[in-house]
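Visitor: Fold the stuff below for me.
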Amino acid sequence: MLDRTATKFSHVKPGDTQFVSGGLRDFFLYRDLGVAEATNGQVIAHLVKANMPPDEGTGWHRHEANFQIVIMVKGWARFMYEDKETLVEAGDVVHQRPGIRHYLFDYSPDMEYLEIVSPADFKSVDVEAAAAVPPATPWE
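Guide: This is a model prediction of the structure:
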């Protein structure tokens with residue numbers, strides 16, 4: 001039988017939460033969608049959008065997480081997943097397997113994506129480079 005005490009119903013409308021700084025990356029803004037609270041930390045869902053040009057990107061890292069997907073809502077981003085360059089455009093869905101080394105190095109000014117990760121308090125760990133990273137596209 002489903003344990004209904006472990007999670008609760010949540011419905012967040014666009015005006016309920018705002019994009020704010022102070023998330024994992026200074027050059028992005030984050031909008032909490034209430035899922036971490038509703039699931040008692042089992043899952044986090046937030047919208048992430050570009051706030052500044054991709055001068056240095058995220059650097060090579062991996063996440064200590066059991067599950068992570070990125071759904072590109074607007075614009076595009078270029079990632080390195082291990083040694084493979086990957087263009088992720090609006091409408092694309094990426095499942096990032098646990099522990100995959102990656103680097104978000106380029107994105108459009110209008111980039112916005114939905115990220116869903118479990119657990120909510122996942123860690124980001126810097127790692128050695130897996131490959132050379134192409135240059136970012138300057139914003140004009």
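Visitor: C-alpha only now, for contacts and for neighbours.
Guide: Will do.
Visitor: so which helix or strand takes in the most centrally placed residue in the chain?
Guide: Centre of the chain computed as the mean C-alpha position; nearest residue by Cα atoms, centre = their mean is Glu115, 4.5 Å away. Assigned by DSSP states H and E, Glu115 belongs to strand 112-118.
Visitor: who does that strand pair up with?
Guide: Applying DSSP bridges, strand 112-118 is found paired with strand 44-50 (antiparallel), strand 67-74 (antiparallel).
Visitor: Could you list the low-pLDDT ranges of this protein?
Guide: For the chain, the stretches flagged by pLDDT under 70 are 1-5.
Visitor: how about the helices of it, start to end?
Guide: With DSSP state H, the ranges of helices along the chain come out as 35-38.
Visitor: All the strands of it, in order from the start?
Guide: If DSSP state E is used as the criterion, the strands of the chain fall at 28-32, 44-50, 61-64, 67-74, 76-81, 84-89, 93-95, 102-107, 112-118, 123-126.
Visitor: could you dump the ones you listed to CSV with distance to Ala6?
Guide: Below are these laid out as CSV (distance: least, Cα to Cα, whole Å):
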stretch, distance to Ala6
strand 28-32, 20
strand 44-50, 15
strand 61-64, 22
strand 67-74, 19
strand 76-81, 34
strand 84-89, 34
strand 93-95, 25
strand 102-107, 32
strand 112-118, 15
strand 123-126, 22
